[in-house]
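S.K.: next one to model:
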Amino acid sequence: MNSSDQQQSDAPAHCGSKPKKIAIGIAPLGVISIGIVPMGIVTIGIVPMGVVSLGVVAMGVVNASIVGMGIFSAGITTMGLKVWSPEGPVLSRSVDMPNESSGSNIYAYPTRSRAEAEAKRLGCLGVHKMGKYWMPCANHGTHQ
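M.R.: Next up is the predicted model:
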C-alpha cells in the first residue's frame, strides 16, 4: 500500500463512501458517527441521522434531542409515533389510531380531505403529511 492509499483509509467516511466502524467529523458515515451531520447506526452530533440519534436535531428510529423526528422521540419538540416532551401535559402520544371520541385528538387524519376540513375549523391554511396521516395547517405545530 502506498502513502496515498494509507491517507485515504485513515480519512473519515463521508456521504457516498464506504462506512467506517467509527467516523468523526463533518458528515461522517459510520456504524458509530460523531460530528456535524453524522449518519450511521449510532449517531451523536448537531444533526444526527441514524437508528439511534442523539443531538440537537435528530432524525432516526430512536431520538434524544431538542428537535426529534422518528419512531421514538424524546426532546423539546418531537414528532413521531411515540414521543415524550416536557412541554405538554401529555408525556406519551401515539398516532397509530387517532381517536376523536376519546378526546385525545392529536390532529392526525387518514385522509387529506378530513385534515383540510380540520384546518378550516382551526383557522389555518393548508395541510401537511406526517407519515401515513394528514395533519391540518401547512406547517407542523401551527394549530397548537
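S.K.: list the buried ones in stretch 71-83?
M.R.: Within stretch 71-83, the residues that count as buried by 16 or more other CB atoms under 10 Å are 72-75, 77-80, 82-83. Any C-beta I mention is one placed from the backbone N, CA and C, and that applies to glycine too.
S.K.: got the CA coordinates for it in CSV?
M.R.: Extracted in CSV, the C-alpha atoms of stretch 71-83 (Å, rounded to 0.1, in the frame of the first residue of the first chain):
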residue,chain,number,x,y,z
ILE,A,71,-40.5,6.4,15.6
PHE,A,72,-39.5,7.0,19.2
SER,A,73,-38.5,10.6,20.1
ALA,A,74,-37.6,12.4,23.3
GLY,A,75,-37.0,16.1,23.5
ILE,A,76,-38.4,19.6,23.5
THR,A,77,-40.1,19.4,20.0
THR,A,78,-40.7,15.8,19.0
MET,A,79,-42.5,14.3,16.0
GLY,A,80,-43.1,10.5,15.6
LEU,A,81,-45.1,7.5,16.5
LYS,A,82,-44.2,7.6,20.2
VAL,A,83,-43.0,10.9,21.6
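S.K.: show me how far the top helix by length along the chain is from its chain's centre.
M.R.: Longest helix in the chain by number of residues, with DSSP state H as the criterion: helix 112-122. Between the centre of helix 112-122 and the centre of its chain there are 24 Å (CA atoms, centre = their mean, to the nearest Å).
S.K.: list the buried ones in it?
M.R.: Those would be 114-116, 118-119, for helix 112-122 by 16+ other CB under 10 Å.
S.K.: now intersect the buried residues of stretch 71-83 with the strands, please.
M.R.: 72-75, 77-80, 82-83 (DSSP state E).
S.K.: closest to Val37 out of the buried residues of helix 112-122?
M.R.: Ala115 (31.4 Å; CB to CB).
S.K.: residues contacting Asn63?
M.R.: 53-54, 69-70, 72-75, 78, 80 (CB atoms under 8 Å, 6 or more residues apart in numbering).
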